[in-house]
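> predicted model, plus sequence, below.
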Amino acid sequence: MKFITEEDLRNLFRKEPFTTYEIKAGERLTPGGRQFLLDRGINMIEGDSLIEKGTEDEKMQHNEIETRNDWKQKMFYTKMKSMEVLFLITAEELLSRDVFLAQSVINLGKQFSNIKSDLNKDTVETFCCKECTGITVGNIYDDLDDCFEITEFHIQLEKGRDIIILHRLRCALREIEPFVLELFENNDGENEFCKGVIGKVNQSINTLSQMICSIFGGKKCQREI
């Protein structure tokens with residue numbers, strides 16, 4: 001899905017003014033982009049329909065769909081921004097105790113942030129996989145659940161706090177999938193892209209699981225095969 005922003009339309013209009021804008025397949029106007037066209041009296045064509053010259057019922061139905069899509073998009077982007085902050089908070093908490101682990105979290109956070117740009121490019125870029133006994137290239141995109149249950153026992157360990165804050169980040173990442181599924185609800189044409197985004201979220205989760213295992217068990221994988 002490619003989102004057409006007000007800035008995109010403003011640049012097009014600056015190059016060559018137009019009176020009609022065609023919303024192509026795979027494109028969606030942002031609220032600012034739609035308002036830009038309305039303010040200038042530019043007709044919007046989607047498929048075979050001239051949106052602004054349709055019946056009142058057609059325009060009302062279209063506006064309801066656009067409004068619903070807009071709040072879904074806003075909800076998803078807001079969740080993504082919250083996750084980006086949580087990556088930074090997690091890295092900051094780790095920094096004084098383990099610089100290398102903190103840097104790993106920062107790197108993972110940067111890769112995770114690319115999901116937002118993936119939405120506009122309609123492609124999903126993956127990142128490197130460091131294999132272990134339980135997590136491999138073949139399953140890192142899957143929902144593998146936790147390698148082991150985190151309990152009150154782990155907070156008593158020397159690096160118990162590191163385990164807990166990484167687990168907190170991992171739990172927060174698991175909340176992303178419902179947002180993605182709702183964003184692409186009833187859109188069969190984007191099922192593969194949706195699966196790709198969820199796969200990248202799972203990859204982030206499983207990478208955190210490997211970090212937690214490395215703290216608890218050293219080089220030994222803690223996942224039960």
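Everything's here; your move.

> point to the helix or strand of this structure where mean pLDDT is at its lowest.
One helix or strand of the chain scores below all others by mean pLDDT, DSSP states H and E: strand 49-50, with a mean of 50.

> which residues touch stretch 89-103?
Contacts to stretch 89-103, defined as CB atoms under 8 Å, 6 or more residues apart in numbering, come from residues 105-106, 109, 159, 161-162, 165-166, 168-169, 211, 215. For every residue, glycine as well, the C-beta is placed using N, CA and C.

> apply 10 Å and report the result again.
104-109, 159, 161-162, 164-166, 168-170, 172, 208, 211, 214-215 (CB atoms under 10 Å, 6 or more residues apart in numbering).

> how about stretch 77-84?
For stretch 77-84, contacts defined as CB under 10 Å, 6+ apart pick out 3, 109-110, 112-113, 115-116, 119, 169, 172-173, 175-176, 178-180, 183, 201, 204.

> show me the contacts of stretch 89-103 that map onto helices.
Judged by DSSP state H, helices contain the following of the contacts of stretch 89-103: 104-109, 161-162, 164-166, 168-170, 172, 208, 211, 214-215.

> nearest spatial neighbour of Val105, chain-adjacent residues omitted?
Ala91 (4.4 Å; CB to CB, 6 or more residues apart in numbering).

> kindly report the same for Ile135.
Here the residue nearest Ile135, using CB to CB, 6+ apart, is Asn206, at 5.1 Å.

> average pLDDT across the helix or strand that contains the one you found?
Taking DSSP states H and E as the definition, Asn206 sits inside helix 191-217. Confidence for helix 191-217, expressed as mean pLDDT, is 87.
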